[in-house]
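> The following comprises the amino acid sequence and a computationally predicted model.
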Amino acid sequence: MTTTTLAVLVPVLPFLGAAAGLLLGRTAPGYVRPLAVLPTLTSFVLAVLVAVDQGGDRALNAATELTPTGSVPIELALHIDGFAALVAVVVGLVATCVQIYSTGYLREDPRYPSYAALVSLFTSAMLLVVYSGDLMVLLVGWEIMGICSYFLVGHYWETPEARAASLKAFLVTKLGDVPFLIGLFALATDAGSFSITKILGTVASGGLDHPTLIALLLLAGVAGKSAQFPLHTWLPDAMAGPTPVSALIHAATMVAAGVYFVARLLPVFEASQAAMVVLAAMAAVTMLGSGLAALAQDDIKRVLAYSTIGQLGYMTGALAVADRGAAVFHLLSHGAFKALLFLAAGVIIHAAGTNSLAAMSRMKDLKARVPDAYWTMTVALLALAAIPPFSGFFSKESVLGAAEHVATGHTEHAPGAAGWLVLISALLTAVLTAGYATRLWLLTFRGHGEEAPDHGREPVTMTAVLWVLAVPSLAFGGFAYGTLPDWFDGRDLAPTLTTSVLGTGMALVGAIVTYGAWRHTSVFAARVPLGAVAAHPEGDAGLVEAEAIAGHAAAYGDVASAPDPADPGRLLLGPLHRHAAVGFHLDAVYTALFVRPVQAGASLVRFLDREVVDTYVRGAGALPRWLGVAVRRAQTGNVQTYVSALLAGTVVLAVAAVLVAAGA
């Protein structure tokens, strides 16, 4: 079987699994779990084989014309370079782990068949984006992911939070997709093709007529899909969906698609210095803002959500300094440890049985209760904080090194201003990242909350997956920089001394300061008893989460406003805490700038429709109705009345005739 055939099967198999799962979900429920796991697992194995065969060498290209268009052709095309091969492997690994984990996490959920099918479809769409060599086919996978996220985030549709979150995710990402689509058409018009290889050839020859406009339009879609400022607000709210869905969205699909798209078409963005500076500014604001917001969240999943936004900021920062190798390296590393963090959080949610989604302030000494989650999450948090020798250190160091390289003028592929902007914001974010990672670990595993009832051990399908993902979280970085430089444009991925010392030093400062603040605040924790944690009956982890969402609708607002003396985040942020806890009021700004004007416009249109248009319509119908009433009342059936009226009419006509004659 050729490599091209194997590559075609990689996105097709999960799609077939999704179709079969939807068809057999009700009639043959026993086949649902095998249809969820086996196609995705097989796709992962095939992706590994494709990557081994590709080997980081010359890109694999294959194409066939989809249909005659009369103008710019659309092709079913493959374009698999080293980046695509590796990203597909990570997508397959994370998706397989999520499907296996979900068989235990949602084992009692009546909507599991549709959930599993949508996860498979989600995976297929992302793999289509990764392997596609034609931008219109890529757009199909891009949009399928959007609709899958809508249904999966709203899986617990009986809760208002899930319904609102799914709608918000769909609308915000679509807000970015509109200019993104226009940008794709403009790019294809300038290049005369939707083919990625032909577009890159056009860029290399200087054939783009409007590089800045095209790049900025495309960046709008990337900001929406990859949750970058200012279109990032949907991602924290999307935590209302099942935790495995969060792992899939944050680690391997959806948000990774935007970063991957820019990496694949990076020469298009490099053609505009202005676009690179805008990308750098977007990355800087995203990194710093999300780091501060994460330090103020009490729900463990929202901390991880803002963490994802910040780590995506590192990736877009690497792209802003024209180093797609560093960006994709961090994308791969982040995919492993972020999936591990979310899946471990799912185990904690089940074990804690908290009143809110997973309020860390209400947790107490979970280390002994969930040892698998404790050890694996510790590994993932160390990787997130970029502590050597964990994988996040090597990949984040590659971003810092790339930014330092541009800032000091060693390359002309990106402006020096972009390099300094990314470097400074990335170093400051390293402090915040280590700070909120340390805070999460302390509050979760050494917290002072109320002890929750013991629900027993979690299913093996949930805990085993954690250890599988712990391996790349620990070892991928060192393995990659030593053996995979050819996959990353031949760039040396070895850490450099200056940025390694700076990055690690900043991370240690953030961790030590946060630990000191926690020790200081813990002195007062015993004096302020926290609210008792409601006991939850032993049962399915997914149902625990669904009922938690329904039973604590105001969790975020309550947590943000309630005094918690054991939270080091309040001490570190001070007066900024209440603003950071609500995402710096960006949703309120959007409400004032967009929602209320639209609502006011809709009210005006409704008023005009009801009071003006309907008035004319009612008037047009009233006149004939009144005439009809008058004629109907004249038809009395009395002959004498008719004769009298005839006589009166005759008299009137006679008088009129006389007057006319006299006038003549």
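Done, it's in. Numbering: from 1, shown residues only.

> Quick one: the helices in the stretch 301-450 of the chain, in order.
Using DSSP state H, counting those that start in this stretch, the helices found in the stretch 301-450 of the chain span residues 324-352, 371-384, 391-407, 416-445.

> What segments of the chain are strands?
Applying DSSP state E to the chain gives strands spanning 60-67, 74-80.

> Pull the longest one out as CSV, backbone CA atoms only.
These are the backbone C-alpha positions of strand 60-67, laid out as CSV (Å, rounded to 0.1, in the frame of the first residue of the first chain):
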residue,chain,number,x,y,z
LEU,A,60,4.6,14.4,-0.4
ASN,A,61,2.2,15.9,-2.9
ALA,A,62,-0.8,14.3,-4.7
ALA,A,63,-3.8,15.9,-6.4
THR,A,64,-6.8,15.3,-8.5
GLU,A,65,-9.2,17.9,-9.8
LEU,A,66,-12.4,17.9,-7.8
THR,A,67,-14.7,19.5,-10.3
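
> Okay, now the unreliable bits of the protein?
For the chain, the stretches with pLDDT under 70 are 352-358, 449-456, 523-566, 664.

> longest helix of it?
Taking DSSP state H as the assignment, the helix of the chain that covers the most residues is helix 160-191.

> and that helix with strand 74-80, angle?
100 degrees (axes from the mean of the first three to the mean of the last three CA atoms, to 10 degrees).

> in helix 160-191, what's buried?
Neighbour-count burial for helix 160-191, counted by 16 or more other CB atoms under 10 Å, picks out 161-162, 165-166, 168-170, 172-173, 175-177, 179-184, 186-188, 190-191. Placement of C-beta: from N, CA and C, glycine included.

> Please dump the helices of the stretch 301-450 of the chain into TSV; it should also carry distance to Leu304 and mean neighbour count for every row.
Rendered in TSV, the data for the helices of the stretch 301-450 of the chain read as follows (distance: least, CB to CB, whole Å; neighbours: other CB atoms under 10 Å):
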stretch	distance to Leu304	mean neighbour count
helix 324-352	5	28
helix 371-384	9	24
helix 391-407	14	27
helix 416-445	8	24
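
> okay, the ones you listed in TSV with distance to Ser272 next?
Formatted as TSV, those follow (distance: least, CB to CB, whole Å):
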stretch	distance to Ser272
helix 324-352	16
helix 371-384	32
helix 391-407	16
helix 416-445	12
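
> Among those, which comes closest to Val465?
Ranking the helices of the stretch 301-450 of the chain by proximity to Val465 (CB to CB) places helix 324-352 first, at 6.0 Å.

> I'd like to know which elements the closest one is packed against.
Contact analysis of helix 324-352 by 3 or more CB pairs under 8 Å, 6 or more residues apart in numbering; DSSP states H and E lists helix 82-105, helix 243-251, helix 255-264, helix 300-320, helix 371-384, helix 391-407, helix 460-483, helix 541-551 as its packing neighbours.

> Spit out the contact partners of the nearest residue to His79 once chain neighbours are set aside.
Leaving aside its chain neighbours, His79 sits nearest to Gly133 (3.2 Å; criterion: CB to CB, 6 or more residues apart in numbering). Contact analysis of Gly133 by CB atoms under 8 Å, 6 or more residues apart in numbering lists 61-63, 75, 77-79, 195-197.

> Same check on Ala95?
When contacts are counted by CB under 8 Å, 6+ apart, Ala95 touches 14, 40, 43-44, 119-120, 122-123, 248, 252-253.

> cutoff 6 Å now
Residues touching Ala95, when contacts are defined by CB atoms under 6 Å, 6 or more residues apart in numbering, comprise 40, 123.

> what's the spacing between it and Gln54?
According to CB to CB, to the nearest Å, Ala95 stands 20 Å off from Gln54.

> can you pull the contacts of the closest residue in space to Gly25 that isn't next to it in sequence?
Once flanking residues are discounted, Gly25 sits nearest to Pro113: 2.9 Å by CB to CB, 6+ apart. Residues counted as contacts of Pro113 (CB under 6 Å, 6+ apart) are 21, 25, 32.

> Of those - the most surrounded one?
Neighbour count (other CB atoms under 10 Å) singles out Gly21 as the most crowded of the contacts of Pro113, with 26 neighbours.

> That one: what's it in contact with?
Under the criterion of CB under 6 Å, 6+ apart, the neighbours of Gly21 are 32, 35, 113, 116-117.

> Take those and keep only those in helices.
Secondary structure assignment (DSSP H) places 32, 35, 113, 116-117 from these within helices.

> Quick check: the residue nearest to His79 vs Ser193, distance?
If you measure Gly133 against Ser193 using CB to CB, the figure is 11 Å.

> before we move on, what about Glu270?
Plainly put, Glu270 is 19 Å away from Ser193 if you go by CB to CB.

> in the stretch 501-650 of the chain, which spans are helices?
For the stretch 501-650 of the chain, the helices defined by DSSP H, counting those that start in this stretch occupy 541-551, 555-561, 568-573, 577-580, 586-590, 596-607, 614-634, 639-663.

> Any buried residues in the fourth one, and which?
To tie it back to what came earlier, the one meant is helix 577-580. In terms of neighbour count (16+ other CB under 10 Å), helix 577-580 has its buried residues at 577, 580.

> so what does it touch, helix or strand wise?
Applying 3 or more CB pairs under 6 Å, 6 or more residues apart in numbering; DSSP states H and E, one finds that helix 577-580 makes contact with helix 273-296.

> tell me the angle of the helix it packs on relative to helix 255-264?
Relative orientation of helix 273-296 versus helix 255-264 (the same axes, to 10 degrees): 150 degrees.

> tilt between helix 273-296 and helix 416-445?
Going by the same axes, to 10 degrees, helix 273-296 makes 20 degrees with helix 416-445.

> Run the chain-centre distance for helix 273-296.
Shown here is helix 273-296, whose average C-alpha point lies 16 Å from the average C-alpha point of the whole chain (CA atoms, centre = their mean, to the nearest Å).

> which residues are contacting that helix?
When contacts are taken as CB under 6 Å, 6+ apart, the neighbours of helix 273-296 outside the stretch itself are 212, 215-216, 228-229, 269, 303, 306-307, 309-310, 313, 316-317, 320, 414-415, 417-418, 421-422, 425, 429, 432, 435-436, 569, 573, 577, 580-581, 583.

> go on, stretch 328-337?
Residues outside stretch 328-337 that contact it (CB under 6 Å, 6+ apart): 83, 86, 90, 94, 251-252, 256, 259, 263, 311, 314-315, 380, 383-384, 391-392, 395, 398-399, 469, 472-473, 476-477.

> Convert it to PDB, retaining C-alpha atoms only.
What follows is the C-alpha trace of stretch 328-337 in PDB, where atoms were taken according to Å, rounded to 0.1, in the frame of the first residue of the first chain:
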ATOM      1  CA  VAL A 328       5.100  23.700  15.600                       C
ATOM      2  CA  PHE A 329       7.500  22.200  18.100                       C
ATOM      3  CA  HIS A 330       5.600  23.900  20.900                       C
ATOM      4  CA  LEU A 331       2.300  22.900  19.300                       C
ATOM      5  CA  LEU A 332       3.400  19.200  19.500                       C
ATOM      6  CA  SER A 333       4.700  19.500  23.000                       C
ATOM      7  CA  HIS A 334       1.700  21.400  24.300                       C
ATOM      8  CA  GLY A 335      -0.700  18.900  22.700                       C
ATOM      9  CA  ALA A 336       0.700  16.100  24.900                       C
ATOM     10  CA  PHE A 337       0.800  17.900  28.300                       C
END
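
> what about it, distance to the chain center?
Distance of stretch 328-337 from its chain centroid, counting by CA atoms, centre = their mean, is 16 Å.
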